[in-house]
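[1] Kindly generate the corresponding structure for this input.
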Amino acid sequence: MTIRLHYAPGACSFVPHVGLELAGEAFEPVLVKLHKGEHQTPEYLAMNPDGQVPVLQVEGRTLTQIVAICDWIAARHPGLGLLPADPWARAQTLSLLAWINNTVHPTFAQVFLTKKFVDDPGAQALLRASATERYRAQLERIQGWVGCAQPFLNGEQPSFLDAYVLTVQRWGGYAGIDPATMPALRDYVARFAQHPAVAAVIARERFELNTYKPAAA
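    Now for the predicted structure:
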């Protein structure tokens, strides 16, 4: 079976990227250079009209949207715990994944891509400040989850949920949020990043875990 994952380094495509690696799946990782506009080419838009990563191609068929992609990978490898086997636990995990995807992720977009939402510089500053405050609160909510991790959020096995938590925690640095202000979340993400499969994806995507840069004095 030919499987291709179109990903961008450090983007939310990290989540299924980790899932495929944890599963030991044979797949072709296809780098999409967002800074060069490769997600806006006619060829890419033919796969995903929204011009987003991830895109999963399986035997010529195309699947978009991160939660759907993760669900397909988990169904293909039911014994790995990428999503829980118990129907209620699975639904709860999908609910958390969906919340990150439809609430936390868009909040970060308002911080990082403010100009896409408003044109006026003053309004941009207000939106960025408001979104940063909301993003911090969302990360604090996620930090509350990790205290129950045993050793991972879904139990003994790493899952998509851990990978998405790493992603949004890492983005916090770009929002000016010092990871040291949420040490439990920082330490959990650092531990998860040491898992061999996760470390392999980080090395392939070539990104630093800590993106925070203190403001110049």
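[2] for the helix or strand hosting Ala163, which positions count as buried?
    Assigned by DSSP states H and E, Ala163 belongs to helix 160-174. For helix 160-174, the neighbour count (16 or more other Cβ atoms under 10 Å) marks 160-173 as buried. For glycine as for every other residue, the C-beta is placed from the backbone atoms N, C-alpha and C.
[3] Now render those as CSV, adding pLDDT and distance to Ala125.
    Converted to CSV, those look like this (pLDDT from 0 to 100; distance: Cβ to Cβ, whole Å):
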residue, pLDDT, distance to Ala125
Phe160, 98, 35
Leu161, 98, 33
Asp162, 98, 34
Ala163, 98, 32
Tyr164, 98, 29
Val165, 98, 29
Leu166, 98, 29
Thr167, 98, 26
Val168, 98, 23
Gln169, 98, 25
Arg170, 98, 24
Trp171, 98, 20
Gly172, 98, 19
Gly173, 97, 20
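[4] Which one of those is nearest to Phe108?
    Trp171 (5.1 Å; Cβ to Cβ).
[5] so that closest one touches Ala109, yeah?
    No. With contacts counted by Cβ atoms under 8 Å, Trp171 stays clear of Ala109, the gap being 9.8 Å.
[6] still on that earlier bit, any chance of the buried residues of helix 160-174 in JSON lines, plus distance to Thr181?
    Formatted as JSON lines, these follow (distance: Cβ to Cβ, whole Å):
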{"residue": "Phe160", "distance to Thr181": "26"}
{"residue": "Leu161", "distance to Thr181": "22"}
{"residue": "Asp162", "distance to Thr181": "21"}
{"residue": "Ala163", "distance to Thr181": "22"}
{"residue": "Tyr164", "distance to Thr181": "20"}
{"residue": "Val165", "distance to Thr181": "16"}
{"residue": "Leu166", "distance to Thr181": "17"}
{"residue": "Thr167", "distance to Thr181": "18"}
{"residue": "Val168", "distance to Thr181": "15"}
{"residue": "Gln169", "distance to Thr181": "12"}
{"residue": "Arg170", "distance to Thr181": "15"}
{"residue": "Trp171", "distance to Thr181": "15"}
{"residue": "Gly172", "distance to Thr181": "9"}
{"residue": "Gly173", "distance to Thr181": "11"}
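[7] from those residues, which two are the most distant?
    Of all pairs drawn from those, the widest gap by Cβ to Cβ lies between Phe160 and Gly173 and measures 21.8 Å.
[8] just to confirm, which helix or strand has Val30 in it?
    Per DSSP H and E: Val30 is located in strand 28-31.
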